[in-house]
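In: Quick one, what's the 3D model for this:
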Amino acid sequence: MDEQDLEFMLNDLESDLVERKASLTDPDRVRQAICAYANDLPNHQKPGFIFIGANDDGSCSDLEITDELLLKLSHMRDDGKIQPFPSLSIEKKLIKGCWMIVIKAEPSNSPPVRLNGVTWIRVGPRRAIATPEEERRLAERRRSRDLPFDLQSVPSAAIEDLNLELFENEYLPHATAPSVLAQNSRSIEDKLKALRFLDPDGQPTVLGILVVGKDTLRFIPGAYVQFLRLEGEDLTDPIRDQKEIVGPLPDLLRRTDEIVQANNPVSVSIVSKPVEIRRSDYPLPALQQLIRNAILHRTYEGTSSPVRIYWFSDRIEIHNPGGPYGLVTKENFGKPGVTDYRNPHLAEAMKVLGYVQRFGMGIQIARKQLQDNGNPPPEFTIEENYILATVRRIT
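Out: The predicted model follows:
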């Protein structure tokens with residue numbers, strides 16, 4: 001939009017597609033507005049605008065627009081508090097001689113969108129927590145043709161193929177705010193639909209099968225981790241241990257962590273009494289980050305290939321069946337701030353389960369952990385159909 005259009009919107013005090021904030025004293029109020037515009041309950045099918053640096057009447061609040069403030073606002077897209085990721089543009093604009101920050105929030109293709117487990121909506125002047133009926137309306141608005149693969153329905157599956165006990169006891173309490181759970185007015189089907197485990201017609205989605213499916217491989221053949229440990233430096237060397245790690249996402253992640261930890265003992269070196277140095281061949285957090293990245297960013301569509309972990313005597317290879325996606329290319333892979341999501345709702349599930357703390361930081365964390373442990377930096381082979389991460393043993 002040009003300056004004239006933005007000035008018109010800024011002065012339109014009747015529009016429910018505009019909010020004004022004099023400052024950023026309460027960032028969560030801005031997040032609530034982003035969430036509400038992403039949900040677009042009135043179905044305007046238009047973006048909402050938030051003017052930071054404007055008073056309620058549209059006048060200038062003389063807010064100092066710093067790079068730090070712009071960076072803080074830009075992090076709202078992928079800091080994990082708003083799920084699924086909102087589509088935002090954040091720009092510094094000169095309007096009526098006043099510098100402001102303009103946030104443009106697009107309607108989501110996969111509502112409901114939540115802030116810390118709470119669905120915010122806006123109708124007219126009202127911004128509030130969605131009622132169960134309003135959440136149902138948002139869930140029914142999704143259309144599979146517009147959605148990523150992890151939200152597409154699985155035609156051969158039924159609700160009986162989902163582990164409802166796992167969903168209600170392990171996933172739901174972490175995905176939904178306690179105040180929403182306390183209402184106890186939603187049916188199990190409505191809860192599954194609201195969290196995208198069922199489509200609007202009640203069919204399980206790929207996400208539902210991956211996260212709480214009873215028999216994941218029956219519907220998604222490649223959804224497992226293959227672990228192979230060898231005695232030497234070549235695939236033809238004797239096999240020391242091998243496992244196929246299968247199950248719903250919480251079990252898959254937990255068992256993978258256990259197997260990696262069991263194969264990576266900590267050694268203790270006495271430097272001088274009482275000083276001792278505890279170190280393993282590979283720093284566990286680095287391996288966890290790279291393996292979780294592979295599980296998250298891999299392609300699950302059109303392949304039966306698993307994530308593969310090959311543990312040699314001198315290195316570990318982590319094979320991801322899926323090349324770069326979206327904004328990520330072979331040239332910018334692994335650079336700070338460059339990230340995109342083939343499976344954005346699986347990313348949300350991993351965040352809910354506590355296996356992701358900060359999005360887009362996995363490779364940076366792995367590099368730092370390897371450096372601190374004395375290992376060489378990770379090596380990446382980037383191809384169209386796969387990514388190979390190689391971690392070399394400490395020397």
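
In: Show me what stretch 57-66 is in contact with.
Out: Under the contact criterion Cβ atoms under 8 Å, 6 or more residues apart in numbering, stretch 57-66 has outside partners 10-11, 13, 20, 22-23, 51-55, 92, 96-101. Just so you know, the C-beta spots here come from the backbone N, C-alpha and C atoms, and that holds for glycine as well.

In: Keep only those of the residues you listed that are in helices.
Out: Leu10, Asn11 (DSSP state H).

In: Only the buried subset of the contacts of stretch 57-66, as a PyMOL command please.
Out: Selection command for PyMOL covering only the buried members of the contacts of stretch 57-66, criterion 16 or more other Cβ atoms under 10 Å:
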select buried, resi 10+20+22+51+52+53+54+98+100+101
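
In: Identify those among the contacts of stretch 57-66 that sit within strands.
Out: Within those, residues falling in strands by DSSP state E are Arg20, Phe51, Ile52, Lys92, Cys98, Trp99, Met100, Ile101.

In: Is the fourth one in contact with Trp99, as I believe?
Out: Yep, that's Lys92 we're talking about. Yes. Counting by Cβ atoms under 8 Å, Trp99 is a contact partner of Lys92 at 6.4 Å.

In: residues in contact with the helix or strand Asp372 falls within?
Out: Following DSSP states H and E, the helix or strand that holds Asp372 is helix 362-373. For helix 362-373, the external contacting residues (Cβ under 8 Å, 6+ apart) are 279-280, 282-283, 285-287, 289-290, 292-293, 334, 336, 356, 376-378, 391, 394.

In: Worst mean pLDDT across the helices and strands of the chain, which element?
Out: Counting by mean pLDDT, DSSP states H and E, the chain has its least confident helix or strand at strand 266-272, which shows a mean of 60.

In: So which residues of the stretch 201-350 of the chain form helices?
Out: Under the criterion DSSP state H, counting those that start in this stretch, the stretch 201-350 of the chain contains helices at 206-212, 216-219, 249-262, 284-297, 344-352.

In: Then the stretch 1-150 of the chain?
Out: Going by DSSP H, counting those that start in this stretch, the stretch 1-150 of the chain shows helices at 3-11, 27-39, 67-74, 132-140.

In: Distance to Met361 and mean pLDDT added to these, as a markdown table?
Out: Converted to a markdown table, the helices of the stretch 1-150 of the chain look like this (distance: least, Cβ to Cβ, whole Å; pLDDT from 0 to 100):
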| stretch | distance to Met361 | mean pLDDT |
| --- | --- | --- |
| helix 3-11 | 33 | 85 |
| helix 27-39 | 20 | 94 |
| helix 67-74 | 15 | 90 |
| helix 132-140 | 30 | 83 |
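
In: Could you identify which of those helices is most buried?
Out: Stretch with highest mean neighbour count among the helices of the stretch 1-150 of the chain: helix 27-39 (a mean of 22; mean count of other Cβ atoms under 10 Å).
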